[in-house]
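Colleague: Have a look; sequence and predicted model below, questions after that.
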Amino acid sequence: MFRVTFENSGEVLLAGRLDAAAAEEAAAAFAKITTSTRMNFKDLEYISSAGLGVLFAAQKRLKAAGHGLTLTNLNGHIRDVFKYARFDLVFQIE
């Protein structure tokens, strides 16, 4: 189960599994982001290539407008996925 929560602080919380089954829901949620935003991965358990694609599309759209995503609290496995895919060069990761 995947969940996106928009906090009053402007931070976006991700939870569950961001995989092919959740890609459409994630894309719709990420389309609402129009400025530089922090995404908190604290409760995200898993991300697939489909999830990476949705995040990349959001980042590309935001970068074209002079903004971007900052990703925080990635667990070790997800951090490794970003590193192996070289997405650590695409996103600011804290």
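Modeller: Cool, the structure landed. Numbers count the residues shown, from 1 in each chain.
Colleague: And the pLDDT for Arg61?
Modeller: pLDDT recorded at Arg61 is 97.
Colleague: Surely it is within a helix?
Modeller: Yes - Arg61: assigned to a helix according to DSSP: H, G, I helix; E, B strand; the rest coil.
Colleague: And it, how close does it get to Gly76?
Modeller: Arg61 sits at a distance of 28 Å from Gly76 (criterion: CB to CB, to the nearest Å). (Each C-beta comes from the backbone N, C-alpha and C, glycine too.)
Colleague: What of Glu11?
Modeller: In this view, Glu11 and Gly76 are 21 Å apart by CB to CB.
Colleague: Compare neighbour counts for those two and give me the winner.
Modeller: Counted by other CB atoms under 10 Å, Glu11 and Gly76 do not tie: Glu11 has more neighbours, with 14 against 7.
Colleague: Let me know the helix or strand that the nearest residue to that one once chain neighbours are set aside is in.
Modeller: Leaving aside its chain neighbours, Glu11 sits nearest to Arg38 (4.7 Å; criterion: CB to CB, 6 or more residues apart in numbering). Using DSSP states H and E, the secondary-structure element containing Arg38 is strand 37-47.
Colleague: Show me which residues of that strand are buried.
Modeller: Of the residues in strand 37-47, those buried under the neighbour-count criterion (16 or more other CB atoms under 10 Å) are Thr37, Arg38, Met39, Asn40, Phe41, Leu44, Ile47.
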